[in-house]
Structures are given as structure tokens and as C-alpha cells.
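K.L.:
how would this look folded up:
(2 chains)
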Amino acid sequence: MFSPFTTLVHSRNNCRLSRSAMEAPPVTVMPVTGGTINMMEYLLQGSVLDQALDSLLHRLRGLCDNIEPESFADYELVYLLKGQQGNPFLLRARRSMMHPTAPWHLRYLGQPEVGDKSRHALVRNCVDVATSHSLPEFLNEMGFRLDHEFVAKGHIFRKGALKVVVSKLFRVLVPGNTENTEPLSLSYLVELSVLAPAGQDNVSEEMRNFAEQLKPLVHLEKIDPKRHM
Amino acid sequence: MQQREEKQLEASIDSLISRVAQLKNSLHNFIFKLENEYDRLTWPSVLDNFALLSGQLNTINKLLKNEKTPSLRNQVIIPLLLSQDRDEELAKLTELRVPVFSHEIVPDHLRTKPDPEVEEQEKHLSAEAARIGLDVAQKQIQALNKICSNLLEKLNNPREDRETESAAARQNKPFFNPADTTALVAAVGFGKGLAKCRPPGPVAPGQPGQGPIMAGGPSLQQVAVSGSSNQQAAIGGPVPPQQPGQPGKMPSNIKTNIKSASASMHPYNR
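P.N.:
Presented below is the predicted three-dimensional model:
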């Protein structure tokens, strides 16, 4: 239980720093000392049709670091904590279906910033941490409730700090049963992301250059998720 | 006349020796690099080494084929003296590889025929070649020639092919669908289009078959219930607690949980 708990305190606090105007966190926040937590995720998104997947993978294999591309199959649970007012608080818990003994992955994502025209990527606060397997129970005890779940299967590529994830999203038909799924669409989601300390906007330039090289297979864009809510 | 030929032979042997020494040197360097610097050796530098070796081998080949080089095939070497004693001079010349010029190693080093196994293989191959008829051989040659010329053609105009191909592909079909992009981004962003795990209202706690993930849920619900209202707890575990008061409002449900959790700490105080 130790690791998820400390994590939560970290992310909470972090969240409060970045969104001080928002609601107060519903659970008492303990003072946090140390740790480099103020990381931002720069993100571009797009998709590719199943038929064109092979061409895209081929191109990525050529463009990215010359290491064997990794495949993954992950199960993601999105937990929600609604406060008295304001936005609900979202945490994402992920586990690998290929490596059941690997630690769970807990992720907090802040509000996306898309307004700045000079920045070529969406930017959001991001806290990642590995946790023990009791994470779902712990979140439940904290008052979090499972909001939705999905399975993502695909491939990861890297080029320096750039990370490219090409994944197929699956609906979970019976809650909690990862065997029984159906694909969400006939496309693969393509995400290009970089983790960097706040204010390092030059990485978005690098991302745009990389995205250019994937055209016309994929158009990676800065997409405001709110617009499609 | 004789003297001139001899001189020529000597010169060509000398240059051959120096070339071979160079080749040996680069091989030596390359092997050293492979054995000692393999962890930081880059692929381009490996290729460079190969290019160097192949260049040097080529030079030696050219040298042997050169008109000015007298035919070495016509030169005969006769071992004049075999000895069981160690020959320091010879050992030094061959870098300690051949310390003794004895009857044991001379047949190996001065042989003019291939190894018996190689000879055997060659015999086998010529027998094979003699076995198939002229017609069949001719046909096979033609087939091979055809394949080779096709391959050469492909290799010579790769760009044209590729360009027409990709142009055709570009015109014919799209690679992505903007609607799918939106759907996927919305799904991964806030679960749009994904089944909500928790149906609205307090039906969730009692729902069976939620799997191991939800195992913690019902128990918390029960704790919250027993903390807030005793008579409901008496009715039985999985009865939906907030049904009468707050129909289908999830936020209030959670609020209740938090309050009861912070007000009655008994589950944690054990």
C-alpha cells in the first residue's frame, strides 16, 4: 500500500499547484518534500486505418531508433473522484496484460493547454509512477470509482526523447474481463509524445518535424479533446 | 634475357609481399577492433573496414592478373632440405606459426592440389554436370539468365517503380480517417464510446461479476452503510443503500462515502 499512497499525495499536490483556481482536493494533502514532479507531456495525436498500418510501422522502423520495436497489450482503468464542485479528478491505472507480474502504472494527466498558437503540441501536466498490484483496491478505498476501462494493444517506437505509440483501442464488453473485447474502430490511434520539464517548448518544434515525416500516412495534430466532448 | 625475367619476378614478388602484409595488417586491426571495441563499434565503421579489406584484395587480384607479372604458375618450388630442428629464422619470418621445416608440414605448405575433400566435392560436381543432358543444361542456363536480367532491370530502375507505386497508392486510398481520429482521441481522453463501468445510480455495488478489480468496491459500500444507518445494514449486505433518498446521483453517492469514511475511521483504526 505504501507506494500508491505516496504517489497519490504527490500527484494531488502537483495538481493543486497547477490548478490552484480549481476545486480543493477532497482529501487532506500532506506536505510533499523533494522529488521532481513538475513534468509536462507534449502530445500530438492522429490515427491510421488498419490497411495502412503496415506502411506506417515500416516507416517508423526506418525513422526511429534502431532497436527492436516493442509490442504491448495494456489494460487501462480510469478512476474518477468527484468533489463537491468543479472538475472531477481523474487517475489512470494501467497494467500490462503481457507481463502480469510487472508493476501497475498510475498516471495523472492535468488539464490540456492547447491555446498557445506558437506551440505546436498539446501540453499537459503529467505524473507517472509505478505501483503495487493492490492499486485498484487502494483507489477504491480512497473514494475513487471506476469510470471506464479499455484495452490498448500496439507498438512503441522511440527516437531519442520522442515516443511514438501506435495502438488499437478495444472496448471491454464485460466489465473487468479483458478476454472479451471488441475493437473500437477500424483505425489505430497514433500518439507522439515527449516528457519534458515545464517551459521547454522547443521540443514541440522537434515533434512537428517528426510529424511532418509521417505524412501522408498519418496527420499528427494538436487536438483539443474538449472540442469532441 | 634470363636476368630481366628474374628481375621482374623478384619485383612482382616483392610488391605481392608488401600488399599481403598490408592486407594482413588491416585484418589484424579489424579483428582487434571486433574483439576489444565491439561495444562502441558503429555499423558504418564496420562497413568501412570491410570496404578497406575488399579494396586490398582487389588490388592483389589485379596485381596477379597484370601483364607484367610473370606467371607464377610456371615457377617451381622444390624443398631442398627437411630438418627436424627448430629454425629460428623461419619462425621469425612466419611469426612463430611455422617453427620447423619438417616432413610433417612441408606437404601441407607446398601442396599444389586442393584438399582431398575439396577434390572429392569437385569430382562430384563435374559428375553431376556431365549427367544432365545438354538440352536440360541449356534450359537451365536460359532460365538463370532470364532471372538475372529481370533482377538487373529491377535494380537499375528502382526509383521509377517506387515512385509510380507510391503515387498510385496516394491517389487510390486514404491512409487515415479524420472521424476515427476524433473518436479515438475522445475515447482515450475521457472514455467516450467506451462502456461506462459504473452504471449511473447506486446499482453498482450489488452488481455481480465485476471481476477482481471491483473487489474493493462493495466492501467499502457496506462499510459506509453500516456506519451511517444501522437498520439498513441489518437488512442485508448488498442492498443498494442510497436508493430511497437520492435516485441516480453519483456525486452525492461519493460524497457520502467520503464523509462516512472520514467521520467513522473504524475500518482503518484496527
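
K.L.:
number of residues surrounding the closest residue to chain A within the stretch 1-150 of chain B?
P.N.:
Going by Cβ to the nearest Cβ, chain A is nearest to residue B:43 of the stretch 1-150 of chain B, at 8.6 Å. Yep, even glycine has a C-beta here, placed from its N, CA and C like the rest. The local packing of residue B:43 (other Cβ atoms under 10 Å in any protein chain shown) involves 8 other residues.

K.L.:
same question for residue A:45.
P.N.:
Residue A:45: 25 surrounding residues under other Cβ under 10 Å.

K.L.:
likewise for residue B:67?
P.N.:
Using other Cβ under 10 Å, residue B:67 has 5 neighbouring residues.

K.L.:
for residue B:104, same thing?
P.N.:
Residues lying near residue B:104 (other Cβ under 10 Å) number 10.

K.L.:
look up phi and psi at it.
P.N.:
Main-chain torsions, residue B:104, degrees, to the nearest 10: phi -70, psi -40.

K.L.:
tell me how far it lies from residue B:98.
P.N.:
Distance from residue B:104 to residue B:98, counting by Cβ to Cβ, to the nearest Å: 11 Å.

K.L.:
also residue A:129?
P.N.:
Counting by Cβ to Cβ, the separation of residue A:129 from residue B:98 is 67 Å.

K.L.:
more neighbours, those two?
P.N.:
Using other Cβ under 10 Å as the criterion, residue A:129 and residue B:98 rank with residue A:129 on top: 19 against 16.

K.L.:
list, one by one, the residues from the stretch 51-200 of chain B near chain A.
P.N.:
Within the stretch 51-200 of chain B, the positions near chain A by Cβ under 8 Å from any Cβ of the partner chain are B:170, B:173-177, B:180-198.

K.L.:
just the strands in chain A please.
P.N.:
Per DSSP state E, chain A carries strands over the ranges A:39-49, A:70-81, A:89-96, A:104-109, A:122-131, A:145-159, A:162-172, A:181-183, A:187-197.

K.L.:
who touches stretch A:199-210?
P.N.:
Identification of contacts with stretch A:199-210 by Cβ atoms under 8 Å, 6 or more residues apart in numbering or on different chains yields A:40, A:42, A:44, A:63, A:118-121, A:123, A:159, A:161-162, A:192, A:194, A:196, A:220.

K.L.:
where's that stretch relative to the chain centroid, distance-wise?
P.N.:
Centroid displacement of stretch A:199-210 relative to its chain, using Cα atoms, centre = their mean, to the nearest Å, is 18 Å.

K.L.:
mind listing what's buried in it?
P.N.:
Neighbour-count burial for stretch A:199-210 flags A:201, A:203, A:204, A:206, A:207, A:208, A:210 (criterion: 16 or more other Cβ atoms under 10 Å in any protein chain shown).

K.L.:
possible to save the residues you listed as CSV with pLDDT and distance to residue B:132?
P.N.:
Listed next are the buried residues of stretch A:199-210 as CSV, based on pLDDT from 0 to 100; distance: Cβ to Cβ, whole Å:
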residue, pLDDT, distance to residue B:132
A:201, 77, 72
A:203, 88, 66
A:204, 86, 68
A:206, 89, 62
A:207, 91, 62
A:208, 90, 63
A:210, 91, 57
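
K.L.:
what's the most distant pair in the contacts of stretch A:199-210?
P.N.:
Spatially, the most separated pair among these is A:63 and A:118, at 25.4 Å (Cβ to Cβ).

K.L.:
in chain A, what residue comes closest to chain B?
P.N.:
Nearest residue of chain A to chain B, counting by Cβ to the nearest Cβ: residue A:176, 2.3 Å away.
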